[in-house]
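S.K.: Need coordinates for the following:
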Amino acid sequence: MRTAADAGTSPLAQLLFDIDGVEGVFFAPDFIAITKSPTLDWQVVKPHVQARIMDFYLSGQPLLAGAAEPANNNIDADKLADPIVQQILAVIDEHIRPGVARDGGDVKFVDFDQGVLYLEMRGACAGCPAAGRTLKSGIEKILQTYVPEVMEVLSI
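M.R.: Model prediction:
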């Protein structure tokens, strides 16, 4: 969620965006990434973030209102049936997502068309200055190693 307006489905995200300096919230299965204003010191924002997260989880409320987003959301059924796309998704899950998650981000498959793979960088990776280098020097090379049909990887 890149703005407070995006936080409508998550009571926790709404609480976090109420903290002065929080500019982004990203939920993954085993971590939460917070993007803060570059003008504020993390040591000032961190205690407020930690307190809101702890209070929220102690309340027992669900993280998201409504149904959770499916793992392969918005992927056309024909694309999902393509064995190359299945290979790409498996490589992302097994070899790419864990490394990106260590830096507070995630990678979402968007499309694969004529050798070009389109990904969306999420969480801390969405605004990271090194994301372009990570995409070309890391993610693209890994995918080309396991899926030779991938000629190029682009971020949207």
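S.K.: Report the beta-bridge partner residues of residue 22.
M.R.: Beta bridges link residue 22 to residue 36 when assigned by DSSP bridges.
S.K.: and it, how far is that from residue 2?
M.R.: Residue 22 is 11 Å from residue 2, where distance means C-beta to C-beta, to the nearest Å. For the C-beta atoms, the positions are set from N, CA and C on the backbone; glycine is no exception.
S.K.: how many neighbours does residue 120 have?
M.R.: 13 (other C-beta atoms under 10 Å).
S.K.: Equivalent analysis for the one 5 residues further on, please.
M.R.: When neighbours are defined as other C-beta under 10 Å, residue 125 has 24 of them.
S.K.: pLDDT value on it, please?
M.R.: Looking at residue 125, its pLDDT stands at 73.
S.K.: wait, it sits on residue 131?
M.R.: Yes. With contact defined as C-beta atoms under 8 Å, residue 125 reaches residue 131; the gap is 5.1 Å.
S.K.: what about residue 22 and residue 2, which has more around it?
M.R.: Higher neighbour count among residue 22 and residue 2: residue 22, with 22 against 14, using other C-beta under 10 Å.
S.K.: Next one: residue 1 relative to residue 143, how far apart?
M.R.: With the distance defined as C-beta to C-beta, residue 1 ends up 27 Å from residue 143.
S.K.: if you count what's nearby, which of these two comes out ahead?
M.R.: residue 143 (24 against 18).
S.K.: Apart from its neighbours in sequence, what residue is nearest the more buried one?
M.R.: Excluding its sequence neighbours, the residue lying closest to residue 143 (C-beta to C-beta, 6 or more residues apart in numbering) is residue 150, at 4.6 Å.
S.K.: Give me the three-state assignment for that neighbour.
M.R.: State at residue 150, reduced to three classes by DSSP: H, G, I helix; E, B strand; the rest coil: coil.
S.K.: is it true that it touches residue 144?
M.R.: Yes. Using C-beta under 8 Å, residue 150 makes contact with residue 144 at a distance of 5.3 Å.
S.K.: So for those two, which residue has more residues nearby?
M.R.: It is residue 150, of residue 150 and residue 144, that has more neighbours when counted by other C-beta under 10 Å, with 22 against 16.
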